[in-house]
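Peer 1: Next input, structure requested:
(6 chains)
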Protein chains: 6
Amino acid sequence: MTNPQSPPTALDLPMVDPLPEATQKYFDVCTEKLGMIPNVLQAYAFDIDKLNSFTAMYNDLMLGNSEITKLEREMIAVVVSSINRCWYCQVAHGAAVRQLSGDPVLGERMVMNYRTADLDARQRTMLDFAAALTTSSASTSEADRQALRDVGFSDRDIFDIASVAAFFNMTNRVASAIDMQPNDEYHASHR
Amino acid sequence: MTNPQSPPTALDLPMVDPLPEATQKYFDVCTEKLGMIPNVLQAYAFDIDKLNSFTAMYNDLMLGNSEITKLEREMIAVVVSSINRCWYCQVAHGAAVRQLSGDPVLGERMVMNYRTADLDARQRTMLDFAAALTTSSASTSEADRQALRDVGFSDRDIFDIASVAAFFNMTNRVASAIDMQPNDEYHASHR
Amino acid sequence: MTNPQSPPTALDLPMVDPLPEATQKYFDVCTEKLGMIPNVLQAYAFDIDKLNSFTAMYNDLMLGNSEITKLEREMIAVVVSSINRCWYCQVAHGAAVRQLSGDPVLGERMVMNYRTADLDARQRTMLDFAAALTTSSASTSEADRQALRDVGFSDRDIFDIASVAAFFNMTNRVASAIDMQPNDEYHASHR
Amino acid sequence: MTNPQSPPTALDLPMVDPLPEATQKYFDVCTEKLGMIPNVLQAYAFDIDKLNSFTAMYNDLMLGNSEITKLEREMIAVVVSSINRCWYCQVAHGAAVRQLSGDPVLGERMVMNYRTADLDARQRTMLDFAAALTTSSASTSEADRQALRDVGFSDRDIFDIASVAAFFNMTNRVASAIDMQPNDEYHASHR
Amino acid sequence: MTNPQSPPTALDLPMVDPLPEATQKYFDVCTEKLGMIPNVLQAYAFDIDKLNSFTAMYNDLMLGNSEITKLEREMIAVVVSSINRCWYCQVAHGAAVRQLSGDPVLGERMVMNYRTADLDARQRTMLDFAAALTTSSASTSEADRQALRDVGFSDRDIFDIASVAAFFNMTNRVASAIDMQPNDEYHASHR
Amino acid sequence: MTNPQSPPTALDLPMVDPLPEATQKYFDVCTEKLGMIPNVLQAYAFDIDKLNSFTAMYNDLMLGNSEITKLEREMIAVVVSSINRCWYCQVAHGAAVRQLSGDPVLGERMVMNYRTADLDARQRTMLDFAAALTTSSASTSEADRQALRDVGFSDRDIFDIASVAAFFNMTNRVASAIDMQPNDEYHASHR
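Peer 2: Predicted structure coming up:
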């Protein structure tokens, strides 16, 4: 069963009906675990190949193995989405920061101005890199990579930080392009 | 066999060795068909899950079924990459525009300033949308989507245009973050 | 009695001690009505003349008579503060939008991207004017004023809209300059 | 008696008539001392509460006690107004810099490009802070405040510098929003 | 004889000594007619070929035959120089606008914000074109040229407007690069 | 004989016919040496004085004596033209970089993102200065000039670097204003 709310985007692209068995099962797991099917999944479900390539990349980047913690990946997600002012991603991933950190104010700081947060040098450098990659990627230099190494990040960590920041520069633009609406459940959660 | 040139990125992340059989086969096909293994594949090959999720999304977006022609998708790729001044993507996809169009000047125009190209309203509106999504996605409005519909694009087409533009906003940033170098073969091809 | 939290700004400017009777009385009213003394008042209380001129202007603009509703004035406050990414004002006035509207999502939209909100032409034109005045006041023209008149605003309304937008362009900068911290009570309120 | 020139703004908001006694007295003092009633006062005089809260804040900030000299406050005013390209404030406060400094070229430098002026480190740091607060307040950091302390400013001085810079970010926007015209007398004065 | 003031630029590039006869004669004419040798000429006089190519182009553009009046060319010069915040050119050509127009306020408006001036459609369109060419030449389109034609400009006029705007985009950068100082005589002239 | 291709600009400004003898001779030399008459010369040939002042300045700056090599001057030309996204100048001078350097990739790097090129400190500082002069000349300071001196440039070299960067800020704008088209011959040359 899918979300009875208004359609999740401005485009008239209904979900495949019926959904393939594997997709339905995945959506059922979402409903069970999260209490909802995130609208982004419904938005992509008009084409199962697109849904699958999106979820494969998302799950690898945000849930796979990495020295960058899941909370840190969500912090990057929100900082990037805040710069791009993506409604969907600020709402959904702002909630994730509140949940994973147990610190509702941290989620607000990532949305409103991460520079006001009292972070250690490691996390601050990480977020500065993600922000610069969002606003001015053409100027990235070896000095920027070295700044990450200087606070303890490995080359693999740099790849992961860059990949998460870059991924949200993609999804922010898809979401804004089609006016994707986040599930209402996110707003009040973990306040 | 892999590229004997200098390492494809600024990060010390060697490819899995030996490559899994399926990956090796994929790379062999590249060598046979393209005369090279694109460096982006080598750059991701330190982690086969990441390589696979990247290629799945890339192949769906750039080679899958769509009313947006493969040339038009490459034109979007270059316009986005030019705004972001991504060295790798301007080189590799500039070559693709030259190849698919048979018009070497068109490739140069996409790199240098797509606004100088003599395009029909459909393609011009498509590229203007991709450019605006790159520079100012937060301002996307229903009027922008309607402008695409007014020149004949369907809602599915809008999704495809947005997805390709968004994807290169991701890959441009990964490439710039890690200083990814394109294969030398691209430069002289289809001039 | 004053806020036992950490000091409200990065400057070492303690409040006048003891406070003049009238100020103490005003702060007592705040504590009684709001359950707190807003930190901005504490930040200015090192100099009672500055506190008084600030509160006189604030109260006239935000609480005085105007055809612009108190909710609309708070919406302008948040839109301006979001563009300027002022931590204090987004938190405090975001809460006010949630409270006055009874719509927690509206407060989030004003913070994250007011362009995604489903507003009528009157409110949208009002916020577009406030946003443009924030980012590019030098380009304001008679056409911008006429756009406000065309959706029903009087010249007095234009003055009020401009004054509120301009006032937050002032307070945002004071708050950011001295790293003013909002009271914790705002974060969870009216969610 | 009021200014016989054309109306001082683009809005049809005539002054209260007759003016309250205290206001008339204040305007008479202006005429006597300055040879004119500054148009900004006439522009606010449609509502005496607004006029009073504006003049209270203005007089405290620009004429009250502070370690920042009156000339320095006017220099900040002009630098901020130049960035915002406010016609009224560049004219009126440019004249004030010429008058207070006895250096007509200094007034021109503040209007045209303060970076070309040969200032000591104290004043240059002060103006750089005011300029940065105008263009990018969200990035203000402790390092910026420390830079002010390093050239001798106290925390109270920082508050004053920030307050003046912030105030003109307000008045510039009110003036541009309503097309406020400066009195002609300013142009030729102290050349 | 040359200017006894401080050196006209930050570079140690003394004038050829003695000057060639033709140059000395040209400088003598300047002294006689203008009461000074403009510092820009002294700045170039370390190399007579450079001086000659600069003056040939300057004289053709600013003093040669054109349907664009000399005052209009000076207005373009100041608008461009104001956007680029060139100290030398705002001072020298601001004085020229005051002199040629007999309207000291017009010179100030061109320096401070040309959009506040009450110009006819022809001059406003001309200055908007010059401003856009300065800030965003890559976006110039046939619609921009047509807008000029619609208010009565010929193709030759368009060339002349573009050439003057472009020329000051050159000289502004030379002057800022070497910190060129205008002659003091300009400041008080024609106020 | 002149170029039989389509007219070189969007303006209807035919060449003087017949050309003066000296001009015809100059064009004949171009045809003989370059195999074409560069379209920029044809674009200016509607007015021989303008053509002559343009070629005099061009030849002095790009071909005259200077410690900045001809290749380096062309590198500056392309970096500036890339920032301004001038179609004509990126094509024509990109070809010149390929020709003079014998390195086709270097020409591409200057067009696409000079920051990715592996340059020595001298050339990198030179191009950073040219780029900053293009995007933000108002902020040029003694520190920027000193940075050039620190890598070995003399004051005369600084003048030459600034002059070339400034010149292309002029020609880029003329070319974009009138939609100047480069000769087709450039595209395939020296690949």
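Peer 1: close to chain B, is the biggest helix by length in chain A?
Peer 2: What stands out as the longest helix in chain A, according to DSSP state H, is helix A:155-178. Yes. Interface with chain B: helix A:155-178 contributes A:155-156, A:158-159, A:162-163, A:165-167, A:169-174, A:176-178 (CB under 8 Å from any CB of the partner chain). C-beta: built from backbone N, CA, C; applies to glycine.
Peer 1: Kindly report the residues of chain A close to chain D.
Peer 2: Residues of chain A lying near chain D (CB under 8 Å from any CB): A:113, A:115.
Peer 1: Where do the helices of chain A begin and end?
Peer 2: So, for chain A - with DSSP H - the helices run A:21-34, A:39-44, A:48-63, A:70-83, A:87-101, A:104-112, A:121-136, A:142-150, A:155-178, A:185-188.
Peer 1: Tell me which of those helices sits nearest to D:Arg115.
Peer 2: helix A:121-136 (22.4 Å; CB to CB).
Peer 1: starting at the chain centroid, how far to that closest one?
Peer 2: 16 Å (CA atoms, centre = their mean, to the nearest Å).
Peer 1: what's the answer for stretch A:164-175, then?
Peer 2: Counting by CA atoms, centre = their mean, stretch A:164-175 comes out at 8 Å from the chain centroid.
Peer 1: how about the residue in chain A that chain D sits nearest to, what does it touch?
Peer 2: Here the residue of chain A nearest chain D is A:Asn113; by CB to the nearest CB that distance is 5.5 Å. With contact set as CB atoms under 8 Å, 6 or more residues apart in numbering or on different chains, A:Asn113 has these partners: A:82, C:85-87, C:90, D:138.
Peer 1: pLDDT value on it, please?
Peer 2: At A:Asn113, the model reports a pLDDT of 98.
Peer 1: Name the nearest residue to it, sequence neighbours excluded.
Peer 2: In this structure, A:Asn113 finds its nearest non-sequential neighbour in C:Arg85, 4.2 Å apart by CB to CB, 6 or more residues apart in numbering or on different chains.
Peer 1: do A:Ile158 as well
Peer 2: Nearest one to A:Ile158, counting by CB to CB, 6+ apart, is A:Leu148 at 5.3 Å.
Peer 1: Then A:Ala177?
Peer 2: Closest to A:Ala177 by CB to CB, 6+ apart is B:Ala162, at 3.6 Å.
Peer 1: swap in A:Asp128?
Peer 2: A:Ala147 (8.0 Å).
Peer 1: A:Met110 now?
Peer 2: Per CB to CB, 6+ apart, closest to A:Met110 is A:Val78, 3.8 Å.
Peer 1: Assess the claim that the residue nearest to A:Ile158 and A:Leu127 are in contact.
Peer 2: No. Look at A:Leu148 against A:Leu127 with CB atoms under 8 Å: they stay out of range, at 11.1 Å.
Peer 1: about what we covered before: which pLDDT value goes with the residue nearest to A:Ala177?
Peer 2: 98.
Peer 1: residues touching it, list them.
Peer 2: B:Ala162 neighbours (CB under 8 Å, 6+ apart): A:173-174, A:177-178, B:129, B:133.
Peer 1: Same question for A:Glu142.
Peer 2: B:10, B:179.
Peer 1: Surely A:Trp87 and C:Ala117 touch.
Peer 2: No. A:Trp87 is beyond contact range of C:Ala117, at 9.1 Å (criterion: CB under 8 Å).
Peer 1: Can you pull the residues that touch both of these two?
Peer 2: C:Arg109.
Peer 1: which one of the two has more residues nearby?
Peer 2: A:Trp87 (24 against 19; other CB atoms under 10 Å in any protein chain shown).
Peer 1: can you count the residues close to the closest residue to that one other than its chain neighbours?
Peer 2: Excluding the flanking residues, the one nearest A:Trp87 by CB to CB, 6+ apart is C:Thr116, at 4.3 Å. For C:Thr116, the count of nearby residues is 21 (other CB under 10 Å).
Peer 1: residue contacts, C:Thr116?
Peer 2: Applying CB under 8 Å, 6+ apart, the residues near C:Thr116 are A:87, A:179, C:109.
Peer 1: pretty sure A:Ser82 is touching A:Val111, no?
Peer 2: Yes. The pair A:Ser82 / A:Val111 is scored as a contact, 5.3 Å apart, by CB under 8 Å.
Peer 1: okay, and the common contacts of those two?
Peer 2: By CB under 8 Å, 6+ apart, the residues touching both A:Ser82 and A:Val111 are A:90, C:112.
Peer 1: And those two? Which one has more around it.
Peer 2: For A:Ser82 versus A:Val111, the count of surrounding residues by other CB under 10 Å is larger for A:Ser82: 28 against 24.
Peer 1: Could you check how far the residue nearest to the spatial centre of chain A is from B:Ala165?
Peer 2: The centroid of chain A falls nearest to A:Ala77 when counting by CA atoms, centre = their mean (4.5 Å). Counting by CB to CB, to the nearest Å, the gap from A:Ala77 to B:Ala165 is 20 Å.
Peer 1: Likewise for A:Ser163?
Peer 2: Counting by CB to CB - A:Ser163 and B:Ala165 are separated by 19 Å.
Peer 1: picking up where we left off before, for the residue nearest to A:Asp128, list the residues it contacts.
Peer 2: A:125, A:128-129.
Peer 1: most neighbours, which of those residues?
Peer 2: A:Phe129 (22 neighbours).
Peer 1: residues contacting the nearest residue to A:Met180 once chain neighbours are set aside?
Peer 2: Nearest non-adjacent residue to A:Met180, counting by CB to CB, 6+ apart: A:Tyr88, 4.4 Å away. If a contact means CB under 8 Å, 6+ apart, then A:Tyr88 has A:39-40, A:175, A:180-182 as its contacts.
Peer 1: Quick one: name the residues of chain A near chain C.
Peer 2: A:82, A:85-87, A:90-91, A:104-105, A:108-109, A:111-113, A:116, A:179, A:184, A:187-188, A:191.
Peer 1: List only buried entries from the residues you listed.
Peer 2: A:82, A:85-87, A:90-91, A:104-105, A:108-109, A:111-113, A:116, A:179, A:187 (16 or more other CB atoms under 10 Å in any protein chain shown).
Peer 1: Okay, the residue nearest to A:Met180 and A:Gln42: tell me how far apart.
Peer 2: On the measure of CB to CB, A:Tyr88 and A:Gln42 end up 12 Å apart.
Peer 1: Check A:Thr31 too.
Peer 2: Taking CB to CB, one finds A:Thr31 at 12 Å from A:Gln42.
Peer 1: who has more neighbours, the two?
Peer 2: A direct count of neighbours by other CB under 10 Å for A:Thr31 and A:Gln42 places A:Gln42 higher, at 24 against 13.
Peer 1: ok, the more buried one touching A:Pro8?
Peer 2: Yes. Assessed by CB under 8 Å, A:Gln42 is found in contact with A:Pro8 at 5.1 Å.
Peer 1: Show the pLDDT at A:Thr69.
Peer 2: According to the model, A:Thr69 carries a pLDDT of 98.
Peer 1: what are the phi and psi angles of it?
Peer 2: phi -70, psi 160 (degrees, to the nearest 10).
Peer 1: can you count the residues close to it?
Peer 2: For A:Thr69, using other CB under 10 Å, the count is 11.
Peer 1: how about it, what does it touch?
Peer 2: A:Thr69 touches nothing, counting by CB under 8 Å, 6+ apart.
Peer 1: and if we set it to 10 Å?
Peer 2: A:75, A:100, A:123 (CB atoms under 10 Å, 6 or more residues apart in numbering or on different chains).
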